[in-house]
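In: what follows is a predicted structure for the sequence shown.
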Amino acid sequence: MRLPRGVTALELLLDAEGITDPLLRDIWGTVFAYEEVLFIVHGKNLKARNTRKAIGNRGPVGAVEYMVLNPNTEGFARMQEAGLFDRTLEFVVLRHPSQFKPEVVAAAKKKLEPWLGPDNEYFADAA
């Protein structure tokens, strides 16, 4: 079976889960991408248990805020190692800055700036 042109497996997964809100699609897309990295690292399907637990306890936005404000998370480090900066929760914050508290946006910028550089286009729009 071939995917329709321009449709990714991630989009199909998000559609199958019934996730339609753009912010929630971005958050869950990041979770699913991280789980794929875990599969590559460990050679078996693993869930992002801590991330999923935080989402269950704090809600999606609260969980993202909590994890972005944490200076050292395993997920951020693994995604950085995989070169998936655009699939970090920090990058989700920069794509949706109006949905997060200013201190969370600032923390996301601080974590990503050494990686992307201060002149990156995403820093221009992030407040």
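Out: Now that the structure is in, tell me what you want to look at. Numbers count the residues shown, from 1 in each chain.

In: where exactly do the helices run in this structure?
Out: Assigned by DSSP state H, the chain shows helices spanning 9-16, 22-42, 49-69, 74-81, 89-95, 102-116, 121-125.

In: mean neighbour count, the ones you listed: which tops it?
Out: Highest mean neighbour count among these (mean count of other CB atoms under 10 Å): helix 89-95, with a mean of 23. Every residue, glycine included, has its C-beta placed from N, CA and C.

In: would you turn the helices of the chain into TSV with mean pLDDT?
Out: Formatted as TSV, these follow (pLDDT from 0 to 100):
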stretch	mean pLDDT
helix 9-16	70
helix 22-42	92
helix 49-69	95
helix 74-81	88
helix 89-95	95
helix 102-116	89
helix 121-125	60
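
In: would you mind pulling the contact partners of stretch 15-30?
Out: With CB atoms under 8 Å, 6 or more residues apart in numbering as the test, stretch 15-30 has contacts from 10, 14, 55, 60-61, 64, 87-89, 91-92, 95-96, 99.
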